[in-house]
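**Student:** Any chance you could fold what I've pasted below:
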Amino acid sequence: PYKIFSADSVVADPRGFLWVSSGDFISKLMPDGNVEVYAGKPYSKPRENTGYRDGNSKNALFGNITDTVVGKNGNIYVMDAFNGVIRKIGLDSYVTTFAGVPGTWGGKAQEGPRGVATIWGDLSIDGLGNLILWGVDKDRLIVRKIDANGIISTVVNEKIKLVVNGKIFSRS
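**Tutor:** Next comes the predicted model:
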């Protein structure tokens with residue numbers, strides 16, 4: 001049987017499954033304890049199966065899954081960091097690019113239709129089912145929302161300071 005050796009993120013869905021991302025693939029841990037590779041491909045050497053390909057979950061390729069959330073309807077959303085996109089794994093086990101353009105990660109936060117925005121940061125989901133992206137760009141906290149229509153809007157874009165033991169650290 002397949003075993004999980006490491007996890008970058010773990011999330012539960014309403015059906016009782018745990019979804020474990022590890023590098024370039026996602027495993028499904030069932031309530032009875034069985035584990036299966038659900039999407040992407042495990043590798044025997046680092047970055048062996050890294051890539052970008054939408055399609056059936058068994059044939060899809062990812063580039064370093066750093067975060068995973070489950071929507072109200074059970075769809076799984078993952079931050080595909082090396083490709084700079086959010087991928088959606090539907091209930092039909094089909095992987096599609098939900099937001100972003102492959103290879104355009106980083107840079108300034110952009111707003112608008114989900115297909116043209118630059119995607120980076122960590123993923124969360126709010127009570128209404130909107131995806132929330134958040135991260136720090138130099139000295140700014142940036143929080144963005146992707147609504148049900150796929151429109152990205154900036155919710156927070158504030159200059160921040162890091163204070164450690166009374167000392168202020170910030171970039172100008």
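**Student:** The residue nearest to the spatial centre of the chain in helix, strand or coil?
**Tutor:** Centroid-nearest residue in the chain: residue 79, 1.8 Å away (criterion: C-alpha atoms, centre = their mean). Under DSSP: H, G, I helix; E, B strand; the rest coil, residue 79 falls in the strand class.
**Student:** I'd like to know how far it sits from residue 98.
**Tutor:** Applying C-beta to C-beta, to the nearest Å, the value for residue 79 to residue 98 is 10 Å. C-beta here means a position set from N, CA and C on the backbone, and glycine is covered the same way.
**Student:** Kindly report the same for residue 120.
**Tutor:** Counting by C-beta to C-beta, the gap from residue 120 to residue 98 is 15 Å.
**Student:** Look up the closest residue to the residue nearest to the centre of the chain, ignoring the ones flanking it.
**Tutor:** Spatially, and ignoring its direct neighbours in sequence, residue 79 is nearest to residue 67 (4.1 Å; C-beta to C-beta, 6 or more residues apart in numbering).
**Student:** Packing partners of the longest strand along the chain?
**Tutor:** Secondary structure of the chain per DSSP state E: the longest strand is strand 151-159. Under the contact criterion of 3 or more C-beta pairs under 8 Å, 6 or more residues apart in numbering; DSSP states H and E, strand 151-159 touches strand 112-113, strand 131-137, strand 140-146.
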